[in-house]
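Q: Provide a 3D model corresponding to the input given below.
(chains A and B)
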There are 2 protein chains.
Amino acid sequence: MSVSLQDIQQAAQRIKPYAHRTPVMTNESLNRRVGAQVFMKCENLQKVGAFKFRGASNAVWSLTDEGAARGVVTHSSGNHAQALALAAKMRGIPAYIVMPDNAPQVKKNAVAGYGGQITFCEPTLEARESTMEKIRQGTGATVVHPYDDERVIAGQGTAALELLEDIPNLDAIIAPVGGGGLLGGTSIAATEMKKGIRVIAAEPEMADDAQRSLKAGGIVPSLNPKTVADGLLTSLGQLTFPIIQERVEQIVTVSEAGIIESMKFVWERAKIVIEPSAATVIAVLWEKKVNLSGLNIGVILSGGNVDLERLPWQK
Amino acid sequence: MSVSLQDIQQAAQRIKPYAHRTPVMTNESLNRRVGAQVFMKCENLQKVGAFKFRGASNAVWSLTDEGAARGVVTHSSGNHAQALALAAKMRGIPAYIVMPDNAPQVKKNAVAGYGGQITFCEPTLEARESTMEKIRQGTGATVVHPYDDERVIAGQGTAALELLEDIPNLDAIIAPVGGGGLLGGTSIAATEMKKGIRVIAAEPEMADDAQRSLKAGGIVPSLNPKTVADGLLTSLGQLTFPIIQERVEQIVTVSEAGIIESMKFVWERAKIVIEPSAATVIAVLWEKKVNLSGLNIGVILSGGNVDLERLPWQK
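A: Numbers count the residues shown, from 1 in each chain, chains lettered A, B, ... in the order given. Got it, this is the predicted structure:
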């Protein structure tokens, strides 16, 4: 069983009362600079500042009342943790979040601020998973994985669904790829809604495990990647890999400089705050490694959570 | 003769093909923080990144073909210069911009980028005005003052007009005050469209000449003010002062810290880039010097042009 367009349509109905229908923005300076018509789906304006809220709330609202009452659990120190905590809070159920004890204070505060019940553990994958498993057994909470979960993939696909509803004549759609939840959902929504649409993924050169996975025909794990796009560090999952293999035309890698320049350009010209991971989709156009000249391009700006004290273009 | 609601309505029709109808944004974190429902009219998303494009394009498109052909002229080193240059370019007529030779290179480039014909002069008001007058005599160009011009005031009023069309049940509206073009236009649109609406102005404590002018009953010039809100340094004009005297309930001054904190909060939570002058309207709510608790408040976010290399919250 995989995720269908119908699953994404149902997810859209399910999360409609809770998630924002984010705007699609255009910017003439950007269009001129990259030589294409760019339609930016602004998930930086989504609740918790990232598309992650879509998948998390679809997962939370997919549960039966009885299942939901036992809560949800995940291990994450990023946007998914905040998204799941807020989605659970909206349903009035507990969210148990396992975080490494060395996570930044600002992230701990954010999760706690949304009412998440944090359990700290050592900063190893093993400790995170065993701690989560202990909580699951103790509470009966449902595990919601950040990307390798069909409810999550379907939820993330609702951004592309809305984008294509608003702008039907897209020639291509670009989404960033980390674990592949957003890209997977995007690729299903896009290719099912519009025959022949090109689905392109954006990935940092410095964390190009998804591109290498496609070439190798199997998941190549991401080994200690270093990129400014800190939302894209994870490897593809068992569920997301085959979807991407089937539906994504190509994965384009972008340089760190391209990410940072694109990010700054969007802040300066479009006047919106986007995070480096979101800027990768602009960088694909900016660096012109693939010819999309003159086309109508939808891009998913995945999020806008940045530390305003430390911006990547400042030394 | 002053500016009427009809003038503003006509301006709205006139600039409709050229200016953006900017979105009205809301943010729940902000509402919670300030204890009111805040509706942000996003003029940072306007062309050239500021409301100034409304007044400039209304002035440009108010001219007869014959008058327009001779061009427009102004002296300004700020957003008005860029706005007038772009509006003139759209009509295909020359814009002569007088700038002090010590203006920042980035502003010179911006005006030139919109096709403005720049004449440099010494950085004194006298030199700017005499240079402008020489150009006017030589070319027959029409002078478009940044704020003390009825066409400009009417144009700036279109932001409030749109805001009240979108959100009719506002209890109050807050606009920043520098020369008073935006505040004047806003106050006319608001009070004519909605009886009893409260019009409040935001002004930096460090440049409180408008507040002092209202108290004194006459224009008190702004003497070498120093504030992070560099769009609000000018004094009220002969046309704008009486409008404000008649229609504005009060001018609330805000601290530098309040401006900077509000600005950063909007970037962090609403994910939009606003300039310090725009943040003053949020600072009025933030500092709670006037009781607006629980009300529906419209605020005009005047612009989003900032130097991303030097942000005011960074040392």
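
Q: Who are the packing partners of the longest helix anywhere in chain A?
A: Longest helix of chain A, by residue count under DSSP state H: helix A:150-166. When contacts are defined as 3 or more CB pairs under 8 Å, 6 or more residues apart in numbering or on different chains; DSSP states H and E, helix A:150-166 sits against helix A:5-15, strand A:37-42, helix A:52-62, strand A:172-176, helix A:181-193, strand A:296-301. Any C-beta I mention is one placed from the backbone N, CA and C, and that applies to glycine too.

Q: For the stretch 151-300 of chain A, list the residues in contact with chain B, please.
A: Contacts of the stretch 151-300 of chain A with chain B, taken as CB under 8 Å from any CB of the partner chain, map to A:264, A:267, A:268, A:270, A:271, A:272, A:273, A:274.

Q: Report the secondary structure state of the last one.
A: When classified by DSSP: H, G, I helix; E, B strand; the rest coil, residue A:274 comes out as coil.

Q: who wins for proximity to residue A:247 among the helices and strands packed on helix A:150-166?
A: For residue A:247, the closest of the helices and strands packed on helix A:150-166 is helix A:181-193, at 3.8 Å, according to CB to CB.

Q: Could you give the separation of the closest one from the chain centroid?
A: Centroid separation for helix A:181-193 versus its chain: 12 Å, with CA atoms, centre = their mean, to the nearest Å.

Q: related to what we said a few turns ago, in a markdown table: the residues of the stretch 151-300 of chain A next to chain B, plus neighbour count.
A: Shown next, in a markdown table, are these (neighbours: other CB atoms under 10 Å in any protein chain shown):
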| residue | neighbour count |
| --- | --- |
| A:264 | 17 |
| A:267 | 23 |
| A:268 | 16 |
| A:270 | 26 |
| A:271 | 25 |
| A:272 | 26 |
| A:273 | 26 |
| A:274 | 29 |
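
Q: Mind listing what's buried along the longest helix of chain A?
A: Using 16 or more other CB atoms under 10 Å in any protein chain shown as the test for burial, helix A:150-166 gives A:150-164.

Q: among the helices and strands of chain A, which has the poorest mean pLDDT?
A: Scoring the helices and strands of chain A by mean pLDDT, DSSP states H and E places helix A:105-113 at the bottom, with a mean of 89.

Q: Surely residue A:72 and residue A:145 touch.
A: No. Using CB atoms under 8 Å, residue A:72 makes no contact with residue A:145, being 10.7 Å away.

Q: which of those two has more neighbours?
A: Set residue A:72 next to residue A:145 and count neighbours by other CB atoms under 10 Å in any protein chain shown: residue A:72 wins out with 27 against 21.

Q: and the more buried one, what is it in contact with?
A: Applying CB atoms under 8 Å, 6 or more residues apart in numbering or on different chains, we find residue A:72 in contact with A:59-60, A:63, A:84, A:87-88, A:93-96, A:141-144.

Q: What does it show for phi and psi?
A: Backbone torsions of residue A:72, given as degrees, to the nearest 10, read phi -130, psi 160.

Q: Against residue A:5, how distant is it?
A: Taking CB to CB, to the nearest Å as the measure, residue A:72 falls 25 Å from residue A:5.

Q: And for the closest residue to residue A:254 other than its chain neighbours, the neighbour number?
A: Spatial nearest neighbour of residue A:254, chain neighbours left out: residue A:283 (3.8 Å); criterion: CB to CB, 6 or more residues apart in numbering or on different chains. Residue A:283 has 30 neighbours, counted by other CB under 10 Å.

Q: With the one 4 residues further on instead?
A: Other residues within reach of residue A:287 by the criterion other CB under 10 Å amount to 19.

Q: what's the pLDDT at it?
A: Per-residue pLDDT puts residue A:287 at 97.

Q: now swap in the one 3 residues further on and tell me
A: Model confidence at residue A:290, given as pLDDT, is 94.

Q: Helix, strand, or coil at the residue of chain A positioned farthest from its centre?
A: Distance from the C-alpha centroid of chain A peaks at residue A:138, with 29.6 Å (CA atoms, centre = their mean). With three-state DSSP as the basis, residue A:138 sits in helix.

Q: What distance do you get for it to chain B?
A: From residue A:138 across to chain B, the span is 33 Å (CB to the nearest CB, to the nearest Å).

Q: tell me which of the contacts of residue A:72 is nearest to residue B:111?
A: Of all these, residue B:111 sits closest to residue A:87, with 47.6 Å by CB to CB.

Q: and the gap between the closest one and residue A:61?
A: With the distance defined as CB to CB, residue A:87 ends up 8 Å from residue A:61.

Q: Where does pLDDT dip in chain A?
A: For chain A, applying pLDDT under 70 flags the ranges A:1.

Q: tell me the domain ranges of it?
A: As assigned by automatic domain parsing, chain A contains the domains A:5-50+A:151-301, A:53-147.

Q: Put together a markdown table for the helices and strands packed on helix A:150-166, with mean neighbour count on each row.
A: Converted to a markdown table, the helices and strands packed on helix A:150-166 look like this (neighbours: other CB under 10 Å):
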| stretch | mean neighbour count |
| --- | --- |
| helix A:5-15 | 20 |
| strand A:37-42 | 24 |
| helix A:52-62 | 29 |
| strand A:172-176 | 27 |
| helix A:181-193 | 29 |
| strand A:296-301 | 26 |
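
Q: Mind checking those for the one nearest to residue B:290?
A: It is, among the helices and strands packed on helix A:150-166 and with distance given as CB to CB, strand A:37-42, at 32.5 Å.

Q: Now do that closest one against helix A:181-193, angle only.
A: Orientation of strand A:37-42 against helix A:181-193 (axes from the mean of the first three to the mean of the last three CA atoms, to 10 degrees) gives an angle of 130 degrees.

Q: which outside residues touch strand A:37-42?
A: A:22-27, A:30-31, A:159-160, A:162-163, A:166-167, A:170, A:266, A:270, A:272, A:282, A:285, A:295-301.
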